[in-house]
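Asker: output the structure for:
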Amino acid sequence: MGQWLEPSRRSDVPPFMVMDVMAAAARIEAAGGHVIHMEVGQPAAGAPKTAIVAAHAALEAGRIDYTSALGIPSLRARIARHYRDAHGCDVSPERIVVTTGSSGGFILAFLSMFEPGDRVAVTVPGYPPYRHILTALGCEPVLIETTNDTRHALTGEALLAAHRKGPLKGVLVGSPANPTGTMMSREALAGLIAAAEDAGIRFISDEIYHGLDYAFPAVTAAALSEHAVVINSFSKYFCMTGWRVGWMVVPEILVRPIERLQQNLSISVPSLSQIAAEAAFDGAAEMEEIKHGYQENRRILIEGLPKAGLAKFLPADGAFYLYADVSDFTSDSFEFAKQMLEQAHVAATPGLDFDPIHGRSFIRFSYARSLDEMREAVDRIAHWLK
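Answerer: Take a look at the predicted model:
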């Protein structure tokens, strides 16, 4: 073929490995095997009943139209109310942007905040699309390792040390974090934001796992700074992954630039998803029951995996992940995950997806499935490792 058909260099990003694991698991299931899915961060439960009812009513009404590029005004107001109710902080609905999941939020944030060539700090281990999206947009992700000493939270000192090596334009952190499940205390988050802003480093907070906190309440960056960009989603706590609806809280100066970008990139977020998302807030009691199930799953793994032979893992403060050290068994977590899937029919994600530096020593387990599946997973892993 002619060279004019060659893919662009910016498209040459690594795959999101968890999707490849899902595909391998699907092949086993197609052949009749029963796989326990611990590879993907997807709740086993569906959307709140309130969201489903609202979506049905909207479909019965007949018209599903474009909305404002910033989102349906009533949904933006409802999200603002959520910040008052859950965090005790006032956020103007004018500063809220509805997005196509958190993924759309990352793209809008990076495009509105950074120029090609800008260096943006992300932690490792960390969510791989942070790095991949930045790379595709022409920015340079700067990897900062986290350690046990800080419970795998980024510190102001570590951020400024990286900044001295080469000026940073931004930093992105998540709490609760993926893949570790670790969380930052209010003091730690406030200190990091202050260090970033004092150095002129723009701050992005990924809060997609807010609501799924077990060790202590999660803190929003919106309560600590009006300059921070907050990204959240209905995917995790509200179990609405496939609806593809999330939101951002942005400084006033970014509202119009992000609106222009959204107008051109997607026109608007699907209106049916927005209608369902607004109603989802009224299903919080249902979601809390699901959260209690995650807590029990967490207990099963924390107690059961050490008996199975996996005794070293990071603090599982929130989200629904456990990041386990498998270095006693392998120096190749990809091969470990492959064999565990093929032989024990337990699907998990190799740490290389999240950490190109030390990921060969780690496996991420998602505990968003049923209690019975978690018990069965522990039994299968124990039998396999014997």
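
Asker: now do the strands in the stretch 201-350 of the chain.
Answerer: 202-206, 229-233, 246-249, 321-325, 346-347, 349-350 (DSSP state E, counting those that start in this stretch).

Asker: tell me the strands beside the third one, with direction?
Answerer: It stands for strand 246-249. strand 96-99 (antiparallel), strand 229-233 (antiparallel) (DSSP bridges).

Asker: can I get the CA coordinates of stretch 28-35 in CSV?
Answerer: The C-alpha trace of stretch 28-35 is given here as CSV (Å, rounded to 0.1, in the frame of the first residue of the first chain):
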residue,chain,number,x,y,z
ILE,A,28,-12.1,-19.6,27.1
GLU,A,29,-15.7,-18.9,27.9
ALA,A,30,-16.7,-19.5,24.2
ALA,A,31,-15.1,-22.9,24.6
GLY,A,32,-17.2,-23.7,27.6
GLY,A,33,-14.9,-22.6,30.4
HIS,A,34,-16.0,-20.6,33.5
VAL,A,35,-13.8,-17.6,34.1
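
Asker: residues making contact with it?
Answerer: For stretch 28-35, contacts defined as C-beta atoms under 8 Å, 6 or more residues apart in numbering pick out 25, 341-342, 345-347. Yep, even glycine has a C-beta here, placed from its N, CA and C like the rest.

Asker: which stretches in this structure count as helices?
Answerer: Listed in chain order, the helices of the chain (DSSP state H) span residues 17-30, 49-61, 73-87, 101-113, 128-136, 156-165, 186-198, 252-265, 271-280, 284-308, 333-339, 371-385.

Asker: go through the lowest-mean-pLDDT helix or strand in the chain and flag the buried ones.
Answerer: Across the helices and strands of the chain, mean pLDDT, DSSP states H and E gives its lowest value to helix 17-30, namely a mean of 86. The neighbour-count check on helix 17-30 (16 or more other C-beta atoms under 10 Å) flags 17-18, 21-22, 24-25 as buried.

Asker: try stretch 64-75
Answerer: Neighbour-count burial for stretch 64-75 [16+ other C-beta under 10 Å]: 67-72, 75.

Asker: could you give the bridge partners of the residue nearest to residue 113 when sequence neighbours are not counted?
Answerer: Excluding its sequence neighbours, the residue lying closest to residue 113 (C-beta to C-beta, 6 or more residues apart in numbering) is residue 202, at 5.4 Å. On the basis of DSSP bridges, residue 202 is bridged to residue 170.

Asker: quick one: the closest residue to residue 237 other than its chain neighbours from residue 284, how far?
Answerer: Leaving out its chain neighbours, the residue that sits closest to residue 237 by C-beta to C-beta, 6+ apart is residue 211, at 3.4 Å. Distance check for residue 211 against residue 284: by C-beta to C-beta, to the nearest Å, it reads 9 Å.

Asker: more neighbours, these two?
Answerer: residue 211 (21 against 17; other C-beta atoms under 10 Å).

Asker: before we move on, back to that, what is the nearest of the buried residues of stretch 64-75 to residue 168?
Answerer: residue 70 (28.7 Å; C-beta to C-beta).

Asker: just the pLDDT for the closest one.
Answerer: Model confidence at residue 70, given as pLDDT, is 98.

Asker: try residue 257
Answerer: 98.

Asker: what about residue 47, distance to residue 246?
Answerer: Counting by C-beta to C-beta, the gap from residue 47 to residue 246 is 14 Å.

Asker: got it, and residue 369?
Answerer: In terms of C-beta to C-beta, residue 369 sits 23 Å off from residue 246.

Asker: okay, these two: which has more neighbours?
Answerer: Between residue 369 and residue 246, counting by other C-beta under 10 Å, residue 246 is the more crowded of the two (26 against 22).
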